[in-house]
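# mind looking at a prediction? Sequence and model below.
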Amino acid sequence: ESESGDSSAVIIRYQVDQTIMVNLKKTKYITFRKLGFQGYHNLWLTDSTSNITIDHCYFIGWRHCLTAETVSRNITIVNTNFYGGAHGIVVYGDANRSTGNLDIRDNIFSSQGDQSVHVTWAKDIVTGNNTFYGQTYDRSIYASQVYNMTIENNRFIDVNFAIRPDNSKGLVIRNNRIKISPVIGRENIGIHLESNDSVNVYNNYIHTEGNLMVYGIFLYNCSHTGIYFNSIDIANTDIAQDSRALMLYNSGANNEIKNNIFNIVQGGFPVFCSGLPLTAFLDYNNYYNPSGLIGQYNNRNYYSLQAWSDSTAMDGHSLAENPFYTSDSVLSMNQVLLNDSGLPIPGITYDIDSTLRNASHPDIGAKEYNPCQPDAGINRITGPVSPVSQGIHPVKVILQNQGSGTLTTAVIHWMVNGQIQAPFPWTGNLGYKQNAEVSIGNYNFTSGLFSLKAWTAQPNGSGECNHYNDTLQTQVAVSLCGTYTIGGSTPDFESFS
């Protein structure tokens, strides 16, 4: 322990290639507190070393910051900063999984070249309340041949691959907040599950962005896996629009996927099924893409939830609604149609923020939601449909009562290409969860691309109690008719793409 209590003031340093700086063998009951380590392999625990605590330390690694192997057990690693190296923490076991009982909590990992936490052939591992920053090469948490591992309450910030267990059993992945920033030439995935058995994945936020293809949750050849109450938000702008919120590939057996939000912001698949038969059962989910795309099944794209349900014989209680997330980092939905629309799952009684779920009618997604009153919003812009012919067309929207009571009046504002149009004063009677299609005015669509935006105000003559679900916008293209020139001295279009 450093006398000053500053881990950067007392540093154990030995930077010789291929060497272990501090090597503990058959060692018990040692605590390292408020110390710095800087070397090739900083701290190595081996040969039945046990009951070791690393607390408020600082590791600057070249290869492995900290390694536990060969029947090392009862290791606690807390409040410690791991910077650099190929790996932050490495846990090696054997076929008997005699290495284990590691508690890895409240640490910070940054700038590892491979994995921040790498666990193989071990058991009884907990990784909780850690923060992972900016991985650019590999998975933040990787586990293989591991029994009984819990990954909970971690934050992954601008990583390209957050969690990747394979060939493991008895896993719980819950209450994590993941932000994926993809990297060229790498796998870009929130949670990838491969060849595992007995896994529960629930109450996770996964937000992705960038211009490369990404996956939210990838399920491959797993058994007895439950994916519940997750909120996925795919905001990528990959030009092929091939990102997938949920990817099912040879999905294994006895898997269940319920009460999740699979949201696409611009382009991509809410759900993509590759390989038949589909051996996961899906229901009570929400699949949203502004284009109406639900997913791909048996090499066919489905734009109708009813047609999807008929073909898969699943998702009879699922929805296709805009969740209106609060923000990129807070994937709390603000959509009344998802409120009380889930199915209770035994053992999952709280949401991502430890709020008690409705015991009989939980909400879809990672976060429970309580509608307020009065609250109105625009769920869709239904007319005109792109491509639209030149001329005057009515603009139509779906007005949603987002409140917990009755909606009788609202003002619907709208604009086209940034130009405010005359607001439409609506009157009527919409009960809880009810909506109506409303024609809010006419517009002359001449040529080109038009941006439409509509929003509500003054529900029941008062202020909105929730502004996150007021507004919707879309684009409408006018179909071409005639002779056009591309390129040249006086073109209609400079280029074609």
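Received it, and whenever you're ready, just let me know what you need. Predicted, not measured: the structure shown is a model, and the values here were computed from it.
# do me a favour and get the end-to-end distance for stretch 329-347?
Stretch 329-347 has an end-to-end distance of 26 Å (Cα to Cα, to the nearest Å).
# so for it, what gets flagged as buried?
By neighbour count on 16 or more other Cβ atoms under 10 Å, the buried set for stretch 329-347 is 331-342, 345. (Glycine included, C-beta is placed from N, CA and C.)
# same check on stretch 122-139?
Buried residues in stretch 122-139, counted by 16+ other Cβ under 10 Å: 122-130, 132-135, 138-139.
# of those residues, which one scores lowest on pLDDT?
pLDDT is lowest at Gln135 among the buried residues of stretch 122-139; the value there is 64.
# closest one of the buried residues of stretch 329-347 to Tyr83?
Within the buried residues of stretch 329-347, the smallest distance to Tyr83 is 29.0 Å, found for Leu331 (Cβ to Cβ).
# next one: that closest one from Asn289, what distance?
Distance of Leu331 to Asn289, given as Cβ to Cβ, to the nearest Å: 16 Å.
# next, format the buried residues of stretch 329-347 as CSV and append distance to Phe218, secondary structure and pLDDT.
Listed next are the buried residues of stretch 329-347 as CSV, based on distance: Cβ to Cβ, whole Å; DSSP: H, G, I helix; E, B strand; the rest coil; pLDDT from 0 to 100:
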residue, distance to Phe218, secondary structure, pLDDT
Leu331, 18, coil, 98
Ser332, 24, coil, 98
Met333, 23, coil, 98
Asn334, 28, coil, 98
Gln335, 26, coil, 98
Val336, 31, helix, 98
Leu337, 28, helix, 98
Leu338, 24, helix, 98
Asn339, 29, coil, 98
Asp340, 30, coil, 98
Ser341, 25, coil, 98
Gly342, 23, coil, 98
Ile345, 21, coil, 98
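# from the residues you listed, pick the one nearest Ser223.
Nearest to Ser223 among the buried residues of stretch 329-347: Ile345, at 18.0 Å, using Cβ to Cβ.
# not counting its neighbours along the chain, what's nearest that closest one?
Leaving aside its sequence neighbours, Ile345 sits nearest to Tyr228 (Cβ to Cβ, 6 or more residues apart in numbering; 5.0 Å).
# beta partners of that neighbour?
Tyr228 has these beta-bridge partners by DSSP bridges: Tyr202, Lys258.
# wait, it touches Gly347, no?
No. Counting by Cβ atoms under 8 Å, Tyr228 sits too far from Gly347 to count as a contact (9.6 Å).
# how much space separates the residue nearest to Ile345 from Val172?
Distance, Tyr228 to Val172, using Cβ to Cβ: 11 Å.
# intersection of neighbour lists for the two?
By the contact definition Cβ atoms under 8 Å, 6 or more residues apart in numbering, Tyr228 and Val172 are jointly contacted by Asn200.
# ok now stretch 9-20, how far from the chain's centre?
Put simply, stretch 9-20 sits 38 Å off its chain's centre (Cα atoms, centre = their mean, to the nearest Å).
# burial count for Tyr92?
Summarising burial for Tyr92: neighbours were counted as other Cβ atoms under 10 Å, giving 16.
# in the sheet, who's paired with it?
Here Tyr92, judged by DSSP bridges, has bridge partners Thr120.
# for it, which residues are in contact?
By Cβ under 8 Å, 6+ apart, the neighbours of Tyr92 are 67-70, 99, 120-122.
# would Gln306 count as being in a strand?
No. Counting by DSSP: H, G, I helix; E, B strand; the rest coil, Gln306 is not found in a strand; it is helix.
# what pLDDT does it get?
As summarised for this prediction, Gln306 has a pLDDT of 98.
# next, count neighbours for it.
Counted with other Cβ under 10 Å, residues neighbouring Gln306 total 12.
# how close does it get to Phe272?
Plainly put, Gln306 is 19 Å away from Phe272 if you go by Cβ to Cβ.
# ok, now Pro374?
39 Å.
# what do you get for Ile486?
Remark: distance between Ile486 and Phe272 (Cβ to Cβ) = 35 Å.
# next secondary structure after the helix or strand where Gly216 lies?
Using DSSP states H and E, Gly216 falls within strand 215-228. For strand 215-228, the following helix or strand on the C-terminal side (DSSP H and E) is strand 231-234.
# avg pLDDT for that following strand?
When pLDDT is averaged along strand 231-234, the result is 98.
# quick one: strands adjacent to it?
strand 205-208 (parallel), strand 261-264 (parallel).
# could you work out the end-to-end span of stretch 479-495 for me?
Stretch 479-495 stretches 17 Å from its first residue to its last (Cα to Cα).
# what separation is there between the closest residue to Asn322 other than its chain neighbours and Asn263?
Excluding its sequence neighbours, the residue lying closest to Asn322 (Cβ to Cβ, 6+ apart) is Tyr288, at 5.6 Å. Going from Tyr288 to Asn263 by Cβ to Cβ gives 5 Å.
# look at the two and report which has more neighbours.
The residue with more neighbours, out of Tyr288 and Asn263, is Asn263; 28 against 24, by other Cβ under 10 Å.
# for that one, what are its contacts?
Contacts of Asn263 (Cβ under 8 Å, 6+ apart): 231-234, 245, 270, 286, 288, 322-323, 325.
# hmm, back to that, right, and the residue nearest to Asn322 touches Ala320 too?
Yes. Tyr288 lies in contact with Ala320 (Cβ under 8 Å); the separation is 5.8 Å.
# and Ile108, bridged to which residues?
Per DSSP bridges, the residues bridged to Ile108 are Asn81, Thr131.
# can you pull the pLDDT of it?
Per-residue confidence (pLDDT) for Ile108: 98.
# and the helix or strand hosting Leu66, what's its mean pLDDT?
Leu66 belongs to strand 58-68 when assigned by DSSP H and E. Regarding strand 58-68, the rounded mean pLDDT is 95.
# which residues are in contact with it?
For strand 58-68, the external contacting residues (Cβ under 8 Å, 6+ apart) are 7-8, 11, 15, 35-46, 49, 54, 75, 77, 80-92, 99, 102, 112.
# may I see the ChimeraX selection of the buried members of those?
Of the contacts of strand 58-68, the buried ones can be selected in ChimeraX as follows, counting by 16+ other Cβ under 10 Å:
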select :7,35,36,37,38,39,40,41,42,43,44,45,46,49,54,75,77,80,81,82,83,84,85,86,87,88,89,90,91,92,99,102,112
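# quote the end-to-end distance of stretch 405-424.
Per Cα to Cα, stretch 405-424 runs 22 Å from first to last residue.
# contact partners for the residue positioned nearest the centre of the chain?
For the chain, Ile206 is the residue whose C-alpha lies nearest the centre (Cα atoms, centre = their mean; 1.3 Å). The neighbours of Ile206, taking Cβ under 8 Å, 6+ apart as the test, are 162, 178, 180, 190-191, 216-217, 230-233, 331.
# below-threshold pLDDT in the stretch 351-497 of the chain: ranges please.
481, 497 (pLDDT under 70).
# ah, wrong one, I meant the stretch 101-250 of the chain
135-137.
# OK, contacts around the residue nearest to Ile345?
By Cβ under 8 Å, 6+ apart, the contact set of Tyr228 is 200-203, 256-260, 345, 348.
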